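# What shape does this take:
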Amino acid sequence: MVSISRRDFLRQAALTLAIGSQLGVLAGCGGSGGSGSITQSTGEYDVIIVGGGSAGTIVAARLLGAMRGHKRILIIEAGGPTAAAIGGTDFPPWLPPGRSDLTIFDVPGEYSQMAFMPLGKPYQLTETGFTYQGIGLGGNSQFNGMLFQTNPIQVFDQSWPAGWQWTDMQAYFAAVRASIPVTNTPSTDGVAYNAGPAQIINPLYQSEGWIEGDTSQPFAGTGIYSTPYVAATEGRRAGPISGYFAAVDPGGVPISGLEMLLFSKAEKIEFDDAGMALAVHYSKREGLDQTLPGSPGVARLKSGGLLVMAAGALVTPRLLLLSGVGPRGLEDQIFPDQSRAPFAIPNPQVGVGLYDHVMTMITYNYTGSVPYQAYNYGNYSGNAADLDTYLGNGSGPYAQYQ
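Sure thing, here's the model as predicted:
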């Protein structure tokens, strides 16, 4: 495998991890076109992307733009279409007949009804039942609250490798924000809704010397606070789908050069004796239901092809470990009660450094004059007036994630 720096890969594709064979000669490979969501893989591919989530969709869009339809790119994704712009059809029950421009994934206000809720249950990845990982094109960026924060500059400069300092990364953050709008007032009327808690707690932050500012940008100082900055545009969810992927999968019809195996889970990466990726073994279902039996298949790379692992922070290392890539000598700890051969490709870094953001829950009693009652987004009949407003111009509580 030819080495490629993280910085160079950012320039060529997007934020993700790539493994494969001879990345540097990818541009010289031949290939045929082809489009459409397919039922099984055929022939060999120039690029196979495992996971059509937040990273995988961006990588696919960027590579398609660079290759101009002259290479075959395959996405293997456990779910299916999500947003209406890419053929999603899971419409909220309050959407009027004749309208098909909004799915539950497009409406920020439906966020609170999805993760760990009945509405989102069919989309929860069964392999990670201890947490909520959503399946479907766009991945977790279609299910979560789309909070957008950037690390303080000192985190980049003190904790990240050379080539990943803030001066190196700043242009990439700006490029992402140019495609994915970030705002603290997602409603089209410019009003921050459900702001009662902020009115109550902000004076306490001020008394401690904190300042109100843009928490989506790097900051310095004692502390900073704001209403949440989120990815949204025109009262709708913004993210990898709206900012990148919808252009290469308009209406759920992939452009030339892109093929997708939807409702398909990668089971194993096949390597040769030199550690080069050769193929991805997968299981394809007939639909979203993850209890359905899947038909086995194998998607093969061309010689010199590129394998992009974009299955998420949890599933990517899991798949590598199951494929024989991992810290040799720790097999018994990773696979307890199983008899496993030593990892064929030793890599002590698989799964290392996994973390989530810090969240601190604060409960307080308040007897002042600011009224506040949590908004019940699931009370569609009681919120009929707000829903009419949202449908009319993209404003109101349903334009806000919570």
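# Would you map the strands across the stretch 301-402 of the chain?
In the stretch 301-402 of the chain, the strands defined using DSSP state E, counting those that start in this stretch lie at 325-326, 345-346.
# burial measure for residue 89, as a count.
Look at residue 89: counted by other CB atoms under 10 Å, it has 11 neighbours. Heads up, the C-betas are built off the backbone N, CA and C, glycines and all.
# same deal with residue 337?
When counting by other CB under 10 Å, one arrives at 5 neighbours for residue 337.
# In contact with the most centrally placed residue in the chain, which residues?
When CA atoms, centre = their mean is applied to the chain, the residue found nearest the centroid is residue 54 (2.4 Å). Residues in contact with residue 54 (CB atoms under 8 Å, 6 or more residues apart in numbering) are 138-141, 239-240.
# distance of residue 370 from residue 186?
Distance of residue 370 to residue 186, computed by CB to CB, to the nearest Å: 22 Å.
# and the strands of the stretch 301-402 of the chain, which is most packed in?
Among these, ranked by average contacts under mean count of other CB atoms under 10 Å, first place goes to strand 325-326 (a mean of 24).
# Return the list of strands paired to that one, each annotated with direction.
Counting by DSSP bridges, the strands paired with strand 325-326 are strand 345-346 (parallel).
# Run through who's touching the partner strand.
Contact with strand 345-346 is made by 271, 275, 324-328, as judged by CB under 8 Å, 6+ apart.
# Likewise for stretch 115-132?
For stretch 115-132, contacts defined as CB under 8 Å, 6+ apart pick out 78-79, 104, 110, 113-114, 133-136, 143-144, 288-290, 314-315, 318.
# Averaged pLDDT, stretch 146-162. What do you get?
Average pLDDT, stretch 146-162: 91.
# Report the buried residues of that stretch.
Buried positions in stretch 146-162, judged by neighbour count with 16 or more other CB atoms under 10 Å: 146, 148, 150, 152-153, 156.
# chain center to it, what's the gap?
Centroid displacement of stretch 146-162 relative to its chain, using CA atoms, centre = their mean, to the nearest Å, is 19 Å.
# Tell me how far residue 321 lies from residue 344.
From residue 321 to residue 344 the distance is 11 Å (CB to CB).
# who has more neighbours, these two?
When neighbours are counted by other CB under 10 Å, residue 321 and residue 344 differ, and residue 321 comes out ahead with 20 against 13.
# List the contacts of residue 80.
Residue 80 makes contacts with 88, 136-137, 262-263, 287-288, as judged by CB under 8 Å, 6+ apart.
# Now it, what are its backbone angles?
The phi and psi torsions at residue 80 (degrees, to the nearest 10) take the values phi -130, psi -150.
# Where do the domain boundaries of this structure fall?
Split into domains by automatic domain parsing, the chain comes to 1-146+239-323, 153-238+358-399.
# Let's have the ones you listed in TSV, adding distance to residue 335.
Below are the domains of the chain laid out as TSV (distance: least, CB to CB, whole Å):
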stretch	distance to residue 335
domain 1-146+239-323	8
domain 153-238+358-399	30
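# Check those domains for me: which has the lowest mean pLDDT.
domain 1-146+239-323 - the lowest mean pLDDT of the domains of the chain, at a mean of 87.
# All the helices of this structure, in order from the start?
For the chain, helices defined by DSSP state H occupy the ranges 6-12, 54-67, 153-159, 166-179, 196-207, 240-243, 312-322, 331-334, 384-393.
# Please name whichever of these is nearest to residue 362.
When those are compared by CB to CB, helix 196-207 sits nearest residue 362, at 7.9 Å.
# What helices and strands are in contact with that closest one?
Other helices and strands packing on helix 196-207, by 3 or more CB pairs under 8 Å, 6 or more residues apart in numbering; DSSP states H and E, are strand 211-212.
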